[in-house]
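In: below: sequence and its predicted model.
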Amino acid sequence: MVVFVISEEGKPLMPTRRFGKVRRLLKKGLARVVCRRPFTIQLLYKTTHYTQPVKVGFDTGTTMGFAIVVDNGLGGKVVEKGEIRLRRDISKLLLQRREYRRFRRYRKTPYRKPRFLNRRRPEGWLPPSVRARFEHTVRWIERLTKFLPDPEVIVEIARFDTQKLQNPDVEGEEYQKGNLCGYANVLEYLLARENGKCQLCGKGYGGNGNGWQIHHIIPRSKGGTDRPDNLALLHRKCHEKIHRNPKLMAKLKKPKLYKEPAYLNSFRLQLIKELKALLKDRVKFTYGYLTKIHRNKIGLPKTHANDAVAMTGFTNPKDINTTTIIRQVRKKKRSLHEATPRKGRTNPNTEAKRNSKNTKQVRTKDGKLWCLWDKVKIDGQVGFISGFTSGSYAYIQDINGNYIRLAGKSYKQVPLKQTILIRRNNNWVERVMVA
Ligand SMILES: [Zn+2]
Ligand SMILES: [Zn+2]
């Protein structure tokens with residue numbers, strides 16, 4: 001990850017990838033660390049305040065993409081890009097907790113006054129999972145832009161532009177000219193409406209012939225409009241078929257009106273409001289279909305990080321060969337409730353004793369302390385401690401959540417004796433991947 005730099009007076013300077021220089025400055029006492037994530041140093045000597053315009057692209061979603069691109073006058077230069085992966089297991093865990101609680105009350109409180117009819121959702125309520133996403137999005141944008149010199153921030157908030165759909169102009173002038181803007185917007189909308197399935201054969205992309213075709217149910221020659229309710233999503237081959245055999249046209253199901261969940265719209269509106277409050281007029285919003293067109297134009301493969309690069313709109317970005325992956329992890333394992341409270345127990349579990357595997361840290365006999373999600377090196381591989389066994393063994397995962405095993409071994413337990421500590425982590429782990 002790039003190192004952010006602030007001046008002696010506390011003003012943001014250009015971020016740097018000259019990690020050797022940063023190390024030397026810190027060693028010589030010419031700089032100090034002001035923040036660890038993102039890693040930020042403050043220079044302790046006078047410098048010029050020379051800066052270049054910086055743009056930050058940010059793709060929202062459960063996997064968020066980000067990119068910091070500097071305007072070098074030559075079509076842009078990527079200084080950092082990567083993705084942030086949020087936890088996906090939380091709603092499952094909440095459901096499980098709910099079940100345990102329900103069952104416990106059923107066991108222990110045979111009669112309890114009903115108290116579930118008095119709840120009301122406050123205004124701006126979001127489901128917990130969406131609310132978490134909203135807060136993480138704002139927090140990460142803040143983190144990534146705080147130490148940049150007046151960055152322009154571009155945030156992708158949706159795949160398509162609902163307002164433009166009122167007047168889509170699918171086969172209009174723009175489409176003829178080869179500017180696929182309006183077409184791409186409508187296509188993204190139809191893909192969302194039809195769940196990515198062809199309306200004739202019901203198969204997904206590549207199911208029957210290549211590519212998609214948008215078909216007018218009432219043809220334009222007979223006064224059919226470009227409004228989405230007159231449009232059908234078909235494979236190119238299925239579309240040919242339908243025109244060869246007009247009987248098939250009757251088979252096309254009338255498209256249902258696409259209505260996205262109300263909370264998603266609320267999520268978007270709240271995000272726009274919050275980011276405008278945070279970044280004032282330095283924030284702009286864009287749509288997935290525009291990103292896709294531009295990413296294809298500059299020839300970047302599809303990843304969340306590259307989407308963020310494309311969002312910044314530079315025409316010839318000088319890329320870096322690394323992607324920083326930041327993953328949210330579970331820091332605590334509280335087994336507050338047991339699914340089967342009495343099974344196999346000889347003594348009542350009065351002290352709510354934890355399973356030794358659920359501990360968050362372990363001290364080995366040599367006096368070393370190991371914590372959950374410590375970044376460690378073992379056998380030449382870098383990973384993160386994801387759990388402990390009762391002995392001095394641990395489970396180690398790579399950034400993608402795959403277990404690291406010792407060469408030639410089939411089991412996942414790895415002796416802490418052989419591991420080397422690199423750094424401790426809170427509930428975010430980070431790894432720079434070389435493409
Ligand atoms: Zn088809
Ligand atoms: Zn057609």
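Out: Right, received. Where do you want to start? Please read all numbers here as calculations on a predicted model, not as lab measurements. Ligands and ions are numbered 1, 2, ... in the order given.

In: contact residues of this structure facing ligand 1?
Out: 198, 200-201, 208, 235, 238 (CB under 5 Å from the ion). For every residue, glycine as well, the C-beta is placed using N, CA and C.

In: break this protein into its domains for me.
Out: 4-43, 54-87+126-157+273-328, 164-251, 360-434 (automatic domain parsing).

In: which one of the ones you listed lies nearest to Asn118?
Out: domain 54-87+126-157+273-328 (19.5 Å; CB to CB).

In: just for this structure, where's the confidence low?
Out: 166-180, 207-209, 253, 255-257, 333-358 (pLDDT under 70).

In: so where do the helices sit in it?
Out: For the chain, applying DSSP state H gives helices covering 19-28, 90-108, 128-145, 173-176, 181-193, 236-244, 262-279, 288-297, 304-311.

In: and the last one, how far out from the chain middle?
Out: Meaning helix 304-311. 12 Å (CA atoms, centre = their mean, to the nearest Å).

In: surely Thr63 and Gly82 touch.
Out: No: with contact defined as CB atoms under 8 Å, Thr63 does not reach Gly82; the gap is 10.6 Å.

In: neighbour count for the two, which is higher?
Out: Neighbours were counted for Thr63 and for Gly82 using other CB atoms under 10 Å; Gly82 has more, 25 against 16.

In: just give the nearest non-adjacent residue to that one, would you?
Out: Nearest residue to Gly82, sequence neighbours excluded (CB to CB, 6 or more residues apart in numbering): Thr324, at 3.2 Å.

In: could you report the distance from that neighbour to Val138?
Out: 20 Å (CB to CB, to the nearest Å).

In: pick out whichever of those two has more residues nearby.
Out: Thr324 (20 against 16).

In: give the contact list for the residue nearest to Gly82.
Out: Going by CB atoms under 8 Å, 6 or more residues apart in numbering, Thr324 touches 1, 80-83, 430-433.

In: let's see 6 Å
Out: 1, 82, 432 (CB atoms under 6 Å, 6 or more residues apart in numbering).

In: with Thr312 instead?
Out: 55, 57, 69, 154.

In: Val54 is in contact with the third one, correct?
Out: Going back to what we said before, that points to Val69. No: using CB atoms under 6 Å, Val69 is not in contact with Val54, being 7.3 Å away.

In: higher neighbour count, the two?
Out: Counted by other CB under 10 Å, Val69 and Val54 do not tie: Val69 has more neighbours, with 30 against 21.

In: what about the closest residue to ligand 1 within the stretch 51-200 of the chain, neighbour count?
Out: Closest contact between the stretch 51-200 of the chain and ligand 1, by CB to the ion, is at Cys198 (3.1 Å). Cys198 has 23 neighbouring residues, counting by other CB under 10 Å.

In: doesn't Ala308 make contact with Leu300?
Out: No: the criterion here is CB under 6 Å, and Leu300 misses it with Ala308 at 10.2 Å.

In: more crowded one of the two?
Out: Ala308 (29 against 18).

In: please report the distance of that one from ligand 1.
Out: 33 Å (CB to the ion, to the nearest Å).

In: so what's Tyr45 up against?
Out: Taking CB under 6 Å, 6+ apart, one finds Leu30 in contact with Tyr45.

In: and it, how close does it get to Gly29?
Out: In terms of CB to CB, Tyr45 sits 10 Å off from Gly29.

In: end to end on stretch 105-119, go ahead and measure it.
Out: Stretch 105-119 has its terminal residues 19 Å apart, counting by CA to CA, to the nearest Å.

In: centre of the chain to that stretch, how far?
Out: Counting by CA atoms, centre = their mean, stretch 105-119 comes out at 38 Å from the chain centroid.

In: same question, stretch 377-390
Out: Worked out by CA atoms, centre = their mean, stretch 377-390 lies 25 Å from the chain centre.

In: what's the burial count for the closest residue to ligand 1 within the stretch 251-400 of the chain?
Out: When scored by CB to the ion, the stretch 251-400 of the chain has Leu252 as its residue closest to ligand 1, at 11.1 Å. Applying other CB under 10 Å, we find 14 residues neighbouring Leu252.

In: with Ser390 instead?
Out: 10.

In: kindly report the same for Ile214.
Out: 19.

In: so what pairs up with the closest residue to it other than its chain neighbours in the strands?
Out: Nearest residue to Ile214, sequence neighbours excluded (CB to CB, 6+ apart): Leu231, at 5.4 Å. Beta-bridge partners recorded for Leu231 (DSSP bridges): His216.

In: do you know how far Leu231 is from Gly288?
Out: 18 Å.

In: over to Ile90?
Out: On the measure of CB to CB, Ile90 and Gly288 end up 25 Å apart.

In: of these two, which one has the most company?
Out: Gly288 (22 against 14).

In: so the more buried one touches Arg159, yeah?
Out: Yes: between Gly288 and Arg159 a contact is recorded at 3.8 Å, counting by CB under 6 Å.

In: now stretch 38-58: buried residues?
Out: 38-43, 54-58 (16 or more other CB atoms under 10 Å).

In: now those residues in CSV, with distance to Ala394?
Out: Below are these laid out as CSV (distance: CB to CB, whole Å):
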residue, distance to Ala394
Pro38, 28
Phe39, 26
Thr40, 31
Ile41, 32
Gln42, 36
Leu43, 39
Val54, 40
Lys55, 41
Val56, 37
Gly57, 37
Phe58, 35
